[in-house]
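Asks: just the structure for this:
(2 chains)
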Amino acid sequence: MHDSYAVNVDDVSKSFGAFKALNGVTLRVGRGEIYGLLGPNGAGKTTLIRLICGLLEAHPGTVTVLGQRMPNVAVLRHIGYMTQQAALYPGLSVEENVSFFASINGAESGVKEALELVQLYDRRNSVVATLSGGMRQRCSLACALVHKPELLLLDEPTVGIDPQLRVQFWEYFRRMAAGGTTLIVSSHVMDEADRCQRLGLIQYGRLLAEGTPADIRTQGGSQNLEEAFLALAGRRES
Amino acid sequence: MSGHRVRAITKRLLEGFRRDRRTLALLFVAPIVILGLLGYLLRGSSSVPDVGVANQDTGPAGGLVAAALKQSTHIKTIDIDAAQGDSKLRDGSLVAYIVFPRDFSEKAAAGTVSPELHLEGSQPGEDTPVIQALQQALTLLTAQVTGRSISFQPRVSHLYGGANYDTLDYFGAAFVGLVVFFLVFVITIVSFLNERSQGTLERLMASPLRRGEIVLGYMLGFTVLALVQAAEVLVFALAVLKIQNHGNVLLIFGMEALMAIAAVNLGIFLSMFARSEFQAVQFIPLVVVPQMLLSGIIFPVSSEPTALQYLSNVLPLTYAVNGMRDIMVKGADLTWSSLQLDAAVVLGFGIVLIAAGTATLRRRLG
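Replies: The predicted structure is shown next:
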């Protein structure tokens, strides 16, 4: 059966001991869409991303990615995952890191293109331990997209990054989406929300609201996204 | 210097430990386990070695000494035929046998006693009680034959080792393998934890890699390093330290390789149970020291209290040490059933750990 959605999260809950990290979340992300997961720290964004790439298993509920029920190892070839922390091998060079992630995905030919995309080709021989935080984030992004995944999961990719680089990152993301890649980007920074085509607002493990940035403004009754978000969060709590 | 600030550091440190129950447990349990083991090993009723006695003496003296040996608390005597002695040493049922020759009484009357003492020889720790028991028994004989001074001239022979066999030869054979085992274990456990703490393991788990592929890839990578190290240790031991070797060098290397593979997998497996490098480091004394005490490196397994012998016999390192000594001291080859067993146990241990490491990998990610 062909699934028109890249990601289909259906009534998913996830608990860690007594703590309920996600509680009945349902959301759908279309192919080629940039979907923003917004919410404060500890809202459940990372847990949701881990469920989507099969690192965790939903209970109850189902997660379907590119037409396959997760967790499913075969689908992982088509997913790129950039973790919150720039997870790299500090003793290897930039190119060695990217080549490693390319080869475990069977995509050795994409290394140069990925390095050029994040503008690290000139620094490819630098050892990661010697790089600045921003360069590490770019290297981490290159590792996540080197195999040209159909779905790219980015967990707070712009945390700790200067405004200039943040603009660059969003430029990469737009180009990838234009090329057909689906992106799910988590963030707690509201000014990034406007760059997404659709948003999901998460708090206390629940999806508070979903829609285009314009929809969220209407639902929250404010032209300012941050105020709209706070209004929606307050309405749910009361 | 501010007492207040020093106190703040002390308090912070103790507060951290309060939440790290595992570290606390290891801190207080490990020394009791290690010292308790050592105490039981040294003071527990150790079992005595079996010694064969062949009395061919036509006179009374041989019987007299044999009877005295029977009373000895250091050894347990078994009457044997002198012709069977060497084969019993070889199959491990005796650690030594003593022969009183036909003319033993005659010579005793003439002032010289010279029993034949045949030692297995590969474990000097086993020889000491035999020599002690024989000396005591002969002292008894002197007391019976009064009025003459008697000189002891035992004729000692060694099945393995021999007069030139020293402590380094004895320990060296075991340590050649152990150095590799412990160092590889430590490196593996710490670097696998790094993979976890720097977040790359999470990335690997979200890639098409399968768990078995991660564990096998790690194993092969560390095994390459371990084999180079094993070769270096072996060359140093044989060429520089000149540790006695009667076996095939390739066979020693093969045994070292098996130990290295087991160590890598032990490191990967145990890293699943540590949340930080700090905790991993504490596994080291808990894994290393009991095995050092119980695997027969220092104290022969046969002289341990019986309860500890059971424990020794389930430790893979006991087989590894035994195998290394069989090759280097006794010149064993793969036709020896004991060496086949030793190699199979170490290999089997490695395989069980690969499976265990793979099975625990995903569960421990979160």
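Asks: ok, longest helix in chain B?
Replies: The helix that spans the most residues within chain B, counting by DSSP state H, is helix B:167-197.
Asks: tell me how far that one is from the chain's mean position?
Replies: 15 Å (C-alpha atoms, centre = their mean, to the nearest Å).
Asks: which residues sit against the very next helix or strand once past that helix?
Replies: Using DSSP states H and E, the helix or strand that follows helix B:167-197 in sequence is helix B:200-205. Residues outside helix B:200-205 that contact it (C-beta atoms under 8 Å, 6 or more residues apart in numbering or on different chains) are A:55, A:81, A:83, A:87-89, A:101, A:104, A:143, B:195, B:214, B:361-362, B:365. Every C-beta, even on glycine, is put in place using the N, C-alpha and C of the backbone.
Asks: redo that, cut-off 7 Å
Replies: With contacts defined as C-beta atoms under 7 Å, 6 or more residues apart in numbering or on different chains, helix B:200-205 is touched by A:L55, A:Y81, A:T83, A:A87, A:L88, A:Y89, B:E195, B:I214, B:R362, B:L365.
Asks: of these, keep whichever come out buried.
Replies: Those of the contacts of helix B:200-205 that meet the buried threshold are A:L55, A:Y81, A:T83, A:A87, A:L88, A:Y89, B:E195, B:I214, B:L365, by 16 or more other C-beta atoms under 10 Å in any protein chain shown.
Asks: and the residues you listed, which is the shakiest by pLDDT?
Replies: The lowest pLDDT within the buried ones among the contacts of helix B:200-205 belongs to B:L365, with 48.
Asks: quick one, helices of the stretch 201-350 of chain B?
Replies: For the stretch 201-350 of chain B, helices defined by DSSP state H, counting those that start in this stretch occupy the ranges B:211-235, B:249-271, B:277-294, B:306-314, B:316-328, B:337-361.
Asks: can you list the buried residues in the shortest one?
Replies: Going back to what we said before, that points to helix B:306-314. By 16+ other C-beta under 10 Å, the buried positions in helix B:306-314 come out as B:L308, B:Q309, B:S312.
Asks: closest to A:R123 among those?
Replies: Nearest to A:R123 among those is B:S312, at 55.7 Å by C-beta to C-beta.
Asks: which stretches of the stretch 251-366 of chain B have low pLDDT?
Replies: In the predicted model, the stretch 251-366 of chain B carries pLDDT under 70 at residues B:362-366.
Asks: repeat the analysis, applying 50 as the threshold.
Replies: B:364-366 (pLDDT under 50).
Asks: right, and B:A343 touches B:L258 too?
Replies: Yes - if you go by C-beta atoms under 7 Å, B:A343 and B:L258 touch, sitting 6.3 Å apart.
Asks: these two: who's more crowded?
Replies: Neighbour tally, B:A343 and B:L258, criterion other C-beta atoms under 10 Å in any protein chain shown: the higher count belongs to B:L258, 25 against 19.
Asks: so which elements touch the helix or strand where A:V12 lies?
Replies: Following DSSP H and E, one finds A:V12 within strand A:5-16. Taking 3 or more C-beta pairs under 7 Å, 6 or more residues apart in numbering or on different chains; DSSP states H and E as contact, the helices and strands that strand A:5-16 lies on are strand A:19-30, helix A:45-52, strand A:62-65.
Asks: need these in CSV (columns: mean neighbour count, distance to B:S87 and mean pLDDT).
Replies: Compiled in CSV, these are given as follows (neighbours: other C-beta atoms under 10 Å in any protein chain shown; distance: least, C-beta to C-beta, whole Å; pLDDT from 0 to 100):
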stretch, mean neighbour count, distance to B:S87, mean pLDDT
strand A:19-30, 17, 69, 90
helix A:45-52, 25, 65, 91
strand A:62-65, 20, 69, 91
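Asks: about what we covered before: and the longest helix of chain B with helix B:337-361, angle?
Replies: Relative orientation of helix B:167-197 versus helix B:337-361 (axes from the mean of the first three to the mean of the last three C-alpha atoms, to 10 degrees): 20 degrees.
Asks: buried set for helix B:167-197?
Replies: Under the neighbour-count criterion of 16+ other C-beta under 10 Å, helix B:167-197 has B:169-196 buried.
Asks: tell me if that helix is near chain A.
Replies: No - interface with chain A: helix B:167-197 contributes nothing (C-beta under 7 Å from any C-beta of the partner chain), its closest point being 8.7 Å away.
Asks: from the contact counts, what lies against that helix?
Replies: helix B:211-235, helix B:249-271, helix B:277-294, helix B:316-328.
Asks: which of the ones you listed sits closest to chain A?
Replies: Closest approach to chain A among the helices and strands packed on helix B:167-197 is made by helix B:211-235 (8.5 Å; C-beta to the nearest C-beta).
Asks: what helices and strands are in contact with the closest one?
Replies: Using 3+ C-beta pairs under 7 Å, 6+ apart, helix B:211-235 sits against helix B:167-197, helix B:249-271, helix B:337-361.
Asks: quick one: distance of that helix to the chain centre.
Replies: Distance of helix B:211-235 from the chain centroid (C-alpha atoms, centre = their mean) equals 23 Å.
Asks: for A:V73, see how far away A:I79 is.
Replies: Distance of A:I79 to A:V73, given as C-beta to C-beta, to the nearest Å: 11 Å.
Asks: please say which of these two ends up with more neighbours.
Replies: Higher neighbour count among A:I79 and A:V73: A:I79, with 26 against 14, using other C-beta under 10 Å.
Asks: quick one: that one and A:L151 touch, right?
Replies: Yes - counting by C-beta under 7 Å, A:I79 does reach A:L151; the two are 5.0 Å apart.
Asks: hmm, back to that, which one of the contacts of helix B:200-205 is nearest to B:Q291?
Replies: Ranked by distance to B:Q291 (C-beta to C-beta), the contacts of helix B:200-205 are led by B:E195 at 25.5 Å.
Asks: which one is the closest one nearest to, not counting chain neighbours?
Replies: B:L201 (4.6 Å; C-beta to C-beta, 6 or more residues apart in numbering or on different chains).
Asks: number of nearby residues for the one you found?
Replies: The number of residues packed near B:L201 is 19, by other C-beta under 10 Å.
Asks: give the buried residues for the longest helix anywhere in chain A.
Replies: Ranked by residue count under DSSP H, the longest helix found in chain A is helix A:163-178. Neighbour-count burial for helix A:163-178, counted by 16+ other C-beta under 10 Å, picks out A:L165, A:R166, A:Q168, A:F169, A:W170, A:Y172, A:F173, A:M176, A:A177.
Asks: contacts only, for the first one.
Replies: I take that to be A:L165. A:G134.
Asks: go again with 10 Å.
Replies: A:V118, A:Q119, A:G133, A:G134, A:M135, A:Q137, A:R138, A:T158 (C-beta atoms under 10 Å, 6 or more residues apart in numbering or on different chains).
Asks: so which of those residues sit within helices?
Replies: Residues from those lying in helices, with DSSP H as the criterion: A:G133, A:G134, A:M135, A:Q137, A:R138.
Asks: closest to chain B out of those residues?
Replies: The closest of the ones in helices among the contacts of A:L165, once distances to chain B are taken by C-beta to the nearest C-beta, is A:Q137, at 12.7 Å.
Asks: hang on, the closest one packs against A:Y172?
Replies: No - the pair A:Q137 / A:Y172 is not scored as a contact, 11.6 Å apart, by C-beta atoms under 10 Å.
Asks: shared neighbours of the two, anything?
Replies: Counting by C-beta under 10 Å, 6+ apart, the shared contacts of A:Q137 and A:Y172 are A:V118, A:P157.
Asks: give me the most central residue, chain A.
Replies: Central residue of chain A (C-alpha atoms, centre = their mean): A:L154, 2.5 Å from the mean position.
Asks: now that one: which helix or strand?
Replies: strand A:151-155.
Asks: strand partners (parallel or antiparallel) of that strand?
Replies: Taking DSSP bridges as the criterion, strand A:151-155 sits next to strand A:79-82 (parallel), strand A:182-187 (parallel) in its sheet.
Asks: what is the burial count for residue 224?
Replies: Assuming you mean chain A. A:N224 has 12 neighbours, counted by other C-beta under 10 Å.
Asks: um, chain B though
Replies: For B:V224, the count of nearby residues is 11 (other C-beta under 10 Å).
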